[in-house]
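> Sequence isn't available, so here's the structure alone:
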């Protein structure tokens, strides 16, 4: 994650010889730019949170299916 932020900062840096995180120089930017960055971050964070919730839901479905398969296997072993 840090490497991604570093590379992102490097690509956004006005002088490419100075790679640093954009939040470190956000105080020198306009307040509107900082607000826009915060809104973009919140939007991306909400998308990530939705993806995590979807993964948790699918994980619960998979676990339930696995439990059912194990029950059926026990029944199958008893029948044989």
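All right, it came through fine. It should be emphasised that the depicted structure is a prediction, and the values quoted were computed from it without experimental measurement.
> element containing residue 75?
Residue 75 is part of helix 31-79 when elements are defined by DSSP states H and E.
> what's the distance between residue 47 and residue 41?
Applying CB to CB, to the nearest Å, the value for residue 47 to residue 41 is 11 Å. To be clear about C-beta, it is placed using only N, CA and C from the backbone, and glycine gets the same treatment.
> With residue 70 instead?
43 Å.
> Also residue 78?
When distance is defined by CB to CB, residue 78 is 56 Å away from residue 41.
> which one of these two has more residues nearby?
The neighbour comparison of residue 78 against residue 41 (other CB atoms under 10 Å) goes to residue 41, with 11 against 7.
> what stretches of this structure score poorly on pLDDT?
Counting by pLDDT under 70, the chain has low-confidence residues at 1-29, 31.
> again, only using 80
Within the chain, the stretches falling below the threshold (pLDDT under 80) are 1-33.
> State the distance from residue 33 to residue 80.
With distances taken as CB to CB, residue 33 is found 70 Å from residue 80.
> Who has more neighbours out of the two?
Per other CB under 10 Å, whichever of residue 33 and residue 80 has more neighbours is residue 33, with 12 against 5.
> Just give the number of residues close to residue 36.
Other residues within reach of residue 36, judged by other CB under 10 Å, total 12.
> distance of it from residue 51?
Taking CB to CB, one finds residue 36 at 23 Å from residue 51.
> cool, residue 67 as well?
25 Å.
> likewise residue 71?
In terms of CB to CB, residue 71 sits 31 Å off from residue 51.
> How about residue 41?
For residue 41, the distance to residue 51 (CB to CB) stands at 16 Å.
> ok, now residue 77?
Relative to residue 51, residue 77 is positioned 39 Å away (criterion: CB to CB).
> same deal with residue 75?
Applying CB to CB, the value for residue 75 to residue 51 is 37 Å.
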